[in-house]
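A.B. asks: How does the following fold in three dimensions:
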Amino acid sequence: MNSNEEDTLDLLNPGSIVFNIYEKGSMHVDHVDHQHFYGDKWAKALQHHEPAACPSSAEPAFDQDTPLSALFREHHHEELRQTIEAWRPYLIGDDTNIDALVMTHFEFDRKRIYSNRVYYDLLDLEGIGALQVPLSQLASYLADHSNLSQSYETLYRQLKKYRQERI
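C.D. replies: Model (predicted):
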């Protein structure tokens with residue numbers, strides 16, 4: 001910033017007002033209380049459930065035969081497919097004849113892949129808007145459909161922790 005720009009800002013800012021100048025194309029969010037992205041089928045099931053600090057997983061909106069892809073928006077299924085395909089070398093008992101988008105259970109060889117890599121992969125998808133359910137539902141799904149952790153609470157806290165690290 002040159003001295004003319006600084007002088008102009010000094011005239012505009014007498015000390016009690018804060019000016020934030022952002023570069024062209026940048027994004028800024030001052031404050032968000034709640035932000036939820038639900039697909040149509042999830043919105044009806046969850047419309048009266050407001051997430052708490054660590055929401056209960058008592059009423060999941062899926063069963064044992066629900067594929068992971070059901071939690072993601074259809075127009076992001078190709079990104080999800082690529083992510084699951086990258087996991088396949090680390091899955092125990094993987095049947096490569098099964099399409100990645102219909103897979104319902106993920107048993108990872110935890111000696112060959114760390115859980116946080118899976119979390120980061122999923123959070124990358126969440127970051128592009130692919131996840132159509134709250135993070136709490138993803139944690140509940142993973143607790144029931146993977147060997148990452150048997151504890152919903154642990155999974156949920158880990159996902160939130162790693163998401164916070166990415167911000």
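
A.B. asks: Tell me the secondary structure at Leu142.
C.D. replies: helix (DSSP: H, G, I helix; E, B strand; the rest coil).

A.B. asks: For it, which residues are in contact?
C.D. replies: Counting by CB atoms under 8 Å, 6 or more residues apart in numbering, Leu142 makes contact with Phe106, Leu148, Ser149, Leu155. Every residue, glycine included, has its C-beta placed from N, CA and C.

A.B. asks: who touches the spatially closest residue to the last one that is not a sequence neighbour in this structure?
C.D. replies: Meaning Leu155. In space, and not counting its chain neighbours, Leu155 is closest to Ala139: 4.1 Å by CB to CB, 6 or more residues apart in numbering. Going by CB under 8 Å, 6+ apart, Ala139 touches Ser57, Tyr152, Leu155, Tyr156, Leu159.

A.B. asks: Filter these down to just the ones in helices.
C.D. replies: Using DSSP state H, Tyr152, Leu155, Tyr156, Leu159 are the members of the contacts of Ala139 that sit in helices.

A.B. asks: List just the nearest of the residues you listed to Val102.
C.D. replies: Closest approach to Val102 among those (CB to CB): Leu155, at 22.4 Å.

A.B. asks: That closest one: neighbouring residues, count only.
C.D. replies: When neighbours are counted by other CB atoms under 10 Å, Leu155 registers 24.

A.B. asks: Ser149 is in contact with that one, correct?
C.D. replies: Yes. Under the criterion of CB atoms under 8 Å, Leu155 makes contact with Ser149 at 4.9 Å.

A.B. asks: Overlap in contacts, the two.
C.D. replies: What both Leu155 and Ser149 touch, as defined by CB under 8 Å, 6+ apart, is the set Leu142, Ala143.

A.B. asks: Among the contacts of Ala139, find me the one that's closest to Glu85.
C.D. replies: So of those, ranked by how close each gets to Glu85 (CB to CB), first place is Leu159, at 21.5 Å.

A.B. asks: Hmm, Val118 and the closest one touching each other?
C.D. replies: No. With contact defined as CB under 8 Å, Leu159 and Val118 do not form a contacting pair (10.1 Å).

A.B. asks: what about stretch 61-68, how long is it end to end?
C.D. replies: 12 Å (CA to CA, to the nearest Å).

A.B. asks: show me where pLDDT drops low in the chain?
C.D. replies: 1-60 (pLDDT under 70).

A.B. asks: Could I get the full set of helices for it?
C.D. replies: 3-12, 40-46, 77-87, 115-127, 135-145, 152-166.
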